[in-house]
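[1] based on what follows, work out the 3D shape:
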Amino acid sequence: MTTSTPTIKVLIVDDHAVVRAGLRMLIDQDPEMEVTGLAGNRSEALAAATSEQPNIIILDIVLGDDDGLSFLPELRSVAGGARVLVLTG
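    Next comes the predicted model:
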C-alpha cells in the first residue's frame, strides 16, 4: 500500500473562525490537498504565507477593519508563486 502526500498546500485567510473551519473541513476531504495555515488578519496571513509557502491562498476581501486586497501584493511576494482565490460574502 502506498501513501500519497498532499501536493497542494492551502492557506486560508478569513476573519471568521467558523468560515476557516468550514473551508478546512471541505479541503481536508481531498487527499491531494492539505491546509497548512489558517489566518484571521493581515499579520497572521503574512507570517503563515512566509513560513508555509502555500500553493493556494484563499483570501477574504474583508478582514474585519482591514481590506484583504490592500496587502495582496505583499502576500503574493512572501508566498512565492502561490495562486490566490479571493473570497467574499
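
[2] wait, what's in contact with residue 36?
    9, 10, 11, 48, 52, 54 (CB atoms under 8 Å, 6 or more residues apart in numbering). Just so you know, the C-beta spots here come from the backbone N, C-alpha and C atoms, and that holds for glycine as well.

[3] the second one - that's part of a helix, no?
    This points to residue 10. No. Assessed with DSSP: H, G, I helix; E, B strand; the rest coil, residue 10 is strand; it does not lie in a helix.

[4] quick one: neighbours of it, just the number.
    Using other CB atoms under 10 Å, residue 10 has 24 other residues around it.

[5] does it really touch residue 53, like I thought?
    No. When contacts are counted by CB atoms under 8 Å, residue 10 is not listed as touching residue 53 (11.6 Å).

[6] most neighbours out of the contacts of residue 36, which is it?
    residue 11 (26 neighbours).

[7] is that residue in a bridge, and if so with what?
    On the basis of DSSP bridges, residue 11 is bridged to residue 37, residue 57.
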